[in-house]
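Enquirer: Return a 3D structure for these sequence lines:
(chains A and B)
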Amino acid sequence: MTGSSTLAPLILQIGRRYEERHPGVRIDVQTGGSARGITDARTGVASAGMVSRRLGAGEADLTAHLVARDGIGLIVHGENPVTSLTREQVVGIFTGRLTNWQAVGGRAAPITVVNKAEGRSTLELFVHHFGLENAAIKADVVIGDNEQGVKTVAGNPAAIGYVSIGTAETDIAGGVPIRLLPMDGVVANTAQVAAGKYPLSRELNLVTRGAPTGALAAFIAYAQGREVVDLVGEHAFVPVR
Amino acid sequence: MRKGARSWIWLGSMRSSRCADRLVRAFSALAALVSIAALVAIAAFVVQGALPFLLAEGGSAVVGSRWAPQAGSFGMAPLLVGSAVVSGLSVVLALPLGLLLAIFVHTRAETRGGRCARTFLVILAAVPSVVYGLWGLTAIAPLVRRLAPPGPSVLAASLCLAVMTMPTIAIMVDAAFRRLPRATVAGAAALALSPETAIWKVYVPAIRGAVAAAGIVGLARALGETMVVLMVAGNVVQFPTGPFASIRTLTANIGLEMAYAMDRHRSALFACGLLLLVAAMATAGAFARVERRVVRR
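Expert: Purely as a prediction, here's the structure:
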């Protein structure tokens, strides 16, 4: 298995559990991005590619097997009185046109824009959803993983960022002072993501060339099944079954 | 008879100790060889990774000021400056504090307080950097934000690094105090100097080389630190405009992007690593020079 670094940690754990129950089968996991997952699945370098998005029109030669979904939500500090932002307001904030919370109905304070580091698929999805360009985003803080994003926003009442909804939900339940904002009017929670109603979400797929057979088919079925729902939850993704 | 037996035993133990000596010498030579080989292998690995990028872009990337991998820009100047400023400032903060702490520990070496402080320093020096990073992110950055937003900044990162490197500096300086020649200590006592005068006018000038060396070790540690700066420096690629500016260091850049980088981008990150390696070697060179001067004196 090669490809998406979003999906790799989950597949690695699923693989370990599968190996324990099926001695003789070895699951190797390597990262390198969704693009590598596509290439390696095509050339046969990998049995299956890990791809953290829906397959495109030019990729009809591959078959996608949905393992989980992931939703991305805007987060602000728990004390921030702003309860929703329009598309234009989000774009304005992230491109540096709106720099004070007063401009969007909040308390007067300069906005701290928390952005993801380049190369993260969360960033690509966010940027794509809002029709932005990487270079156009005026960030005050750049973060790596979701947890760092949550802690950065929780420590700054004037911050706004975006993270995986699963991570944000877990932290909110644990008392971390952040709040998820609705996206295009849809409440941001894992239930909406699971139902496919949340607009800013992505598929996490294993892709194969043609229909898988034998041991590979068994592993893919296992990765999609109920036996690994706990692992999917642990990684803050949303199970599909 | 008894005397003869004793000398025989003495000779025997000497023979075995000579054998042990030889063994120790062989092992230490082996250890030295392994560490040199490891350093060469690491350098070769980094150079090999950086080569495709260096061949294509040359040294121009080092002076470029825009880092936007997806747009194909790999300017490393802001990263290099960021690394230098954050680690430099951390030493400026940590060195005086470390010196004062070492003086405290040394002057109270025989008291319970002094012993406690020394143990405390050793524990503090052993705290994993990720702990300092989390503390910086949840405590220091919000504090700095109260002064000026956004919080994660040059100042926040330097403060965390200073707290992290200070124990090491204090331990090194304290060790230098303990190595002071007996003549120096006795001389100060014979002059009936007050403890304060003895420390500031005699002891500290006598170990100034060791203090400089401790500062350089602190600098090297700060320069190579990744986790802490990744969490609290803010990571925006820009030249620092002040202590409250969010900046990215070479180490944080590698830490943030390596897992997601391919081809040219990946090679550019190796080039960042090479730059760091060169900076580390320069620091080590400065350390060696200071050491030599101390020894000569």
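
Enquirer: Show me how far stretch A:14-31 is from its chain's centre.
Expert: Here stretch A:14-31 is found 24 Å from its chain centre; the criterion is CA atoms, centre = their mean, to the nearest Å.

Enquirer: no no, stretch A:27-35
Expert: In terms of CA atoms, centre = their mean, the centre of stretch A:27-35 is set 16 Å apart from its chain centre.

Enquirer: try stretch B:31-51
Expert: Counting by CA atoms, centre = their mean, stretch B:31-51 is centred 20 Å from the centre of its parent chain.

Enquirer: check whether that stretch contacts chain A.
Expert: No - judged by CB under 8 Å from any CB of the partner chain, stretch B:31-51 stays clear of chain A, getting no closer than 14.8 Å. For glycine as for every other residue, the C-beta is placed from the backbone atoms N, C-alpha and C.

Enquirer: Validate this expectation: B:S158 resides in a strand.
Expert: No - using DSSP: H, G, I helix; E, B strand; the rest coil, the assignment for B:S158 is helix, not a strand.

Enquirer: Check which residues of stretch A:225-241 are buried.
Expert: Of the residues in stretch A:225-241, A:228, A:231-232, A:235-239 count as buried by neighbour count, 16 or more other CB atoms under 10 Å in any protein chain shown.

Enquirer: Give me the contacts around that stretch.
Expert: Residues from elsewhere that reach stretch A:225-241, judged by CB atoms under 8 Å, 6 or more residues apart in numbering or on different chains: A:9-10, A:13-14, A:17, A:66-71, A:146, A:164-167, A:169-170, A:190, A:193-194, A:201, A:204, A:222, A:224.

Enquirer: What's the mean pLDDT across that stretch?
Expert: Average pLDDT, stretch A:225-241: 88.

Enquirer: ok, now stretch A:41-60?
Expert: Averaging pLDDT along stretch A:41-60 gives 91.

Enquirer: Skipping adjacent residues, who's closest to the residue in chain B positioned nearest to chain A in space?
Expert: Distance from chain A to each residue of chain B (CB to the nearest CB) is smallest for B:Y260, at 3.2 Å. The shortest distance from B:Y260 to any non-neighbouring residue, by CB to CB, 6 or more residues apart in numbering or on different chains, is to A:G119 (3.2 Å).

Enquirer: how about that neighbour, what does it touch?
Expert: Residues near A:G119 by CB under 8 Å, 6+ apart: A:33, B:69-70, B:257, B:260-261, B:265.

Enquirer: which one of these is nearest A:H129?
Expert: Closest approach to A:H129 among the contacts of A:G119 (CB to CB): B:Q70, at 16.8 Å.

Enquirer: these two touch, right, that closest one and A:E118?
Expert: Yes - under the criterion of CB atoms under 8 Å, B:Q70 makes contact with A:E118 at 5.8 Å.

Enquirer: who touches both of the two?
Expert: By CB under 8 Å, 6+ apart, the residues touching both B:Q70 and A:E118 are A:N134.

Enquirer: okay, those two: which has more neighbours?
Expert: Neighbour totals were compared for B:Q70 and A:E118, and A:E118 leads with 21 against 13 (other CB atoms under 10 Å in any protein chain shown).

Enquirer: just to revisit the earlier point, so of the buried residues of stretch A:225-241, which ones are in strands?
Expert: Judged by DSSP state E, these include A:238-239 as members of strands.

Enquirer: what about the helices in chain A?
Expert: Ranges of helices in chain A, per DSSP state H, are A:8-21, A:34-43, A:87-94, A:121-129, A:146-154, A:165-173, A:190-194, A:214-224, A:229-234.

Enquirer: what do you get for the stretch 1-150 of chain B?
Expert: B:2-57, B:60-63, B:77-107, B:112-125, B:129-135, B:141-147 (DSSP state H, counting those that start in this stretch).

Enquirer: Give me the sheet partners of the helix or strand of chain A with the lowest mean pLDDT and which way each runs.
Expert: Ranked by mean pLDDT, DSSP states H and E, the helix or strand of chain A with the weakest confidence is strand A:30-31, at a mean of 86. The sheet places strand A:30-31 alongside strand A:2-3 (parallel), with pairing taken from DSSP bridges.

Enquirer: And for the partner strand, what's in contact with it?
Expert: In contact with strand A:2-3 (CB under 8 Å, 6+ apart) are residues A:29-34, A:36-38, A:40-41, A:45-46, A:49-51.

Enquirer: picking up where we left off before, give me whichever of the helices of the stretch 1-150 of chain B is most buried.
Expert: Using mean count of other CB atoms under 10 Å in any protein chain shown, the stretch among the helices of the stretch 1-150 of chain B with the largest mean neighbour count is helix B:77-107, at a mean of 21.

Enquirer: what mean pLDDT does that helix have?
Expert: When pLDDT is averaged over helix B:77-107, the result is 95.

Enquirer: is chain A contacted by it?
Expert: No - applying CB under 8 Å from any CB, one finds helix B:77-107 out of contact with chain A, separated by at least 12.1 Å.

Enquirer: what residues does stretch A:34-51 touch?
Expert: For stretch A:34-51, the external contacting residues (CB under 8 Å, 6+ apart) are A:1-4, A:7-8, A:11, A:29-30, A:32, A:52-53, A:59, A:61-62, A:64-65, A:121, A:204-209, A:212, A:216, A:220, B:262.
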